[in-house]
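K.L.:
could you look at this predicted model? Sequence included:
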Amino acid sequence: AGGAGGVNAGGAGGVNAGGAGGVSAGGAGGVNAGGAGGVSGAGGIAMGGSSGAGGVDASVPEVPVFTCDAGLSVCGATCVTVTTDPDNCGGCGVRCGSGLCMAGVCQQQGAGHVVVIGHDYAVNRTGMNNLVGNAVFLADRDPVIVLSLESGADPASVAGTVAAINQVASERGRRWVRASGHSVDVINNTLSYDVVLIHPHQSSSDAQLLALGAAWSTPLSDFLAAGKTVVQIEGSSPSNGGTYKILSSAGLIAIAGHADVTGQTLTVIAPSDAISLRVPRTYRAEVNSVSFTSTEPNVVVSTMLGAPVVIHRTF
């Protein structure tokens, strides 16, 4: 009851009702075991009341920091390998429909798609906007990563196309990421993306378009073989006979020419095609719309005379 180091009503070092260093009701440096509303002295630890200056409030638990070993990433409370995990492929929550993830990219087992749309979207309406939005969201990744090739394109056409995709994304609860790129990205880095979006090349010559198609033939073929999507927007240009020459030169679609169809009434002739979702059965072709001279069988939209305006080819 009185020895040093023992349970002591007053001795130093013991359990002490008031002495320095002990369990104290209020002494400096002590542990305050007081009831609700009690206050510890400076430097003390308050178990039930408010701590004094410099004190630690034990009523707020310390949150541990969750870390992973080198080469692993934190997703929630789990350590994952985002380069190969099919449920966190390239990032947390990115699920691969095929169950295959390689180098952080889902390896799709579905069909590849080429969609050619004869509208440049500089002027657009909600109905026709669904065409390009549906084409982009053929990819099942969330968000869809789009390589947007805008070199030489009319800024109004690019802005209208982006607005159209945003409209469909909002309506369908989908997300997409636009990554503006160049020819080198197609040649060297295509598989990092889900969709390649080719805008109309207003300032390129026919020779330049044909050269691009030759250079892109192999990487785009590999891209489609991986179950991904190429979308090409088309419109009239004073500098060339049509941006479609890129894909025709690459051997990915059979188109030989195009013609202006501005103001004509167009018809959806394949309403069950995924590209037709929410597109009116008939609608007006806006400024700078074109039809194609093509033998492709998978026509989605045509003129009243049967000339293709939207073509969807699967691989």
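P.N.:
Yes, it's here.
K.L.:
tell me where the longest helix sits in the protein.
P.N.:
helix 206-225 (DSSP state H).
K.L.:
next, the buried residues of that helix.
P.N.:
208-213, 215-217, 219-220, 223-224 (16 or more other CB atoms under 10 Å). Placement of C-beta: from N, CA and C, glycine included.
K.L.:
can you pick out the most distant pair from those residues?
P.N.:
208 and 224 (22.7 Å; CB to CB).
K.L.:
what is the nearest of the buried residues of helix 206-225 to residue 104?
P.N.:
Distance to residue 104, by CB to CB, is smallest for residue 223 among the buried residues of helix 206-225, at 16.2 Å.
K.L.:
pretty sure residue 277 is touching residue 132, no?
P.N.:
No - with contacts counted by CB atoms under 8 Å, residue 277 stays clear of residue 132, the gap being 12.0 Å.
K.L.:
which one's more surrounded, these two?
P.N.:
residue 132 (26 against 16; other CB atoms under 10 Å).
K.L.:
OK, contacts around the more buried one?
P.N.:
117, 119, 121, 161, 164, 165, 168, 231, 233 (CB atoms under 8 Å, 6 or more residues apart in numbering).
K.L.:
with pLDDT added, can I get the buried residues of helix 206-225 in JSON lines?
P.N.:
JSON lines is the format used below for the buried residues of helix 206-225 (pLDDT from 0 to 100):
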{"residue": "208", "pLDDT": "96"}
{"residue": "209", "pLDDT": "97"}
{"residue": "210", "pLDDT": "97"}
{"residue": "211", "pLDDT": "97"}
{"residue": "212", "pLDDT": "97"}
{"residue": "213", "pLDDT": "97"}
{"residue": "215", "pLDDT": "97"}
{"residue": "216", "pLDDT": "97"}
{"residue": "217", "pLDDT": "97"}
{"residue": "219", "pLDDT": "96"}
{"residue": "220", "pLDDT": "97"}
{"residue": "223", "pLDDT": "95"}
{"residue": "224", "pLDDT": "95"}
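K.L.:
just the ones of the contacts of residue 132 in helices?
P.N.:
Using DSSP H, the contacts of residue 132 in helices are 161, 164, 165, 168.
K.L.:
between the contacts of residue 132, which is closest to residue 84?
P.N.:
For the contacts of residue 132, the nearest to residue 84 is residue 231 (28.8 Å; CB to CB).
K.L.:
who touches the most centrally placed residue in the chain in this structure?
P.N.:
What sits nearest the mean C-alpha location of the chain, by CA atoms, centre = their mean, is residue 143, with 2.6 Å. Residues near residue 143 by CB under 8 Å, 6+ apart: 174, 175, 176, 177.
K.L.:
among the residues you listed, which one sits closest to residue 295?
P.N.:
residue 176 (32.0 Å).
K.L.:
give the burial count for the closest one, as a bare number.
P.N.:
Residue 176 - counted by other CB under 10 Å - has 24 other residues nearby.
K.L.:
report the contact partners of it.
P.N.:
136, 137, 143, 144, 145, 146, 165, 169.
K.L.:
which ones among these lie within helices?
P.N.:
Judged by DSSP H, the subset of the contacts of residue 176 located in helices is 136, 165, 169.
K.L.:
most neighbours of all the contacts of residue 176, which one?
P.N.:
residue 165 (27 neighbours).
K.L.:
just to revisit the earlier point, can you put the buried residues of helix 206-225 in CSV and add distance to residue 311?
P.N.:
Listed next are those as CSV, based on distance: CB to CB, whole Å:
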residue, distance to residue 311
208, 23
209, 18
210, 19
211, 23
212, 19
213, 16
215, 23
216, 18
217, 19
219, 21
220, 16
223, 18
224, 15
